[in-house]
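Engineer: starting from these lines, generate the structure:
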Amino acid sequence: MKPAPILLLLALTAACRTAGPTLEPGDGTVFQAVSARFAFREGRERQSGRVLWRCGGELSKFVFFTPLNQAGLELAVEGEEAVLANFSSRTYWKGDFSLLLGRLWGIGLPLAELKALLLEGRVPPRLAENGIEAWLEGEPGAAPRQVRLRRGEAELSLRLLKVEARPGRLVRVDYERRYRGADLEEVLGP
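Structural biologist: Reported below is the predicted structural model:
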């Protein structure tokens with residue numbers, strides 16, 4: 001006799017459950033989202049961390065996370081014009097994307113060539129011309145699982161954790177109104 005009320009209660013609970021809403025993009029616009037871990041080594045200097053990259057059309061955004069998994073830097077790129085914002089110091093730098101990559105990791109690549117390397121698994125010929133060796137792990141013609149780049153003593157390793165298309169679009173942020181302009185070294189901080 002005791003199992004009957006329990007079964008009745010379970011049946012009523014299951015009957016009253018509603019399905020959650022399904023979300024669909026309004027206009028069919030999508031962007032690529034890439035989550036990756038990076039490790040850079042040059043002599044005694046070492047950097048490592050996690051970066052989230054979103055790209056759609058001419059606009060790309062990179063969010064670099066601190067070891068405590070907080071957003072530390074945001075890099076917005078339109079064409080080849082880059083704006084790097086430091087959230088903690090509320091500063092920003094504006095300049096050329098390939099110049100920034102050259103300063104950070106010694107691989108001065110335009111954004112279009114970085115996209116080809118990371119999203120399509122295609123090594124740009126310009127890498128070899130600039131003395132950069134590249135190794136890709138993964139399926140040919142698709143986003144690689146890991147990318148390693150080396151130039152002299154400097155070595156950069158990017159492990160792609162997730163590559164997916166997401167509904168929506170990227171929007172521009174007006175950093176000039178929110179942050180103070182600074183040189184690149186000050187924005188990168190200690």
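
Engineer: show me where the chain dips below the pLDDT cut-off.
Structural biologist: 1, 18-27, 190 (pLDDT under 70).

Engineer: center of it, which residue is that?
Structural biologist: Centrality entry for the chain: nearest residue to the mean C-alpha point is W53, 1.9 Å, by CA atoms, centre = their mean.

Engineer: nearest spatial neighbour of that one, chain-adjacent residues omitted?
Structural biologist: Distances taken as CB to CB, 6 or more residues apart in numbering place V34 nearest to W53, at 4.4 Å, with adjacent residues excluded. For glycine as for every other residue, the C-beta is placed from the backbone atoms N, C-alpha and C.

Engineer: that's a helix at E185, yeah?
Structural biologist: Yes - following the definition DSSP: H, G, I helix; E, B strand; the rest coil, E185 is counted among the residues of a helix.

Engineer: now it: how far from G49?
Structural biologist: Separation of E185 from G49 (CB to CB, to the nearest Å): 19 Å.

Engineer: between the two, which is the more surrounded one?
Structural biologist: Of the pair E185 and G49, G49 is the one with more neighbours under other CB atoms under 10 Å, namely 16 against 10.
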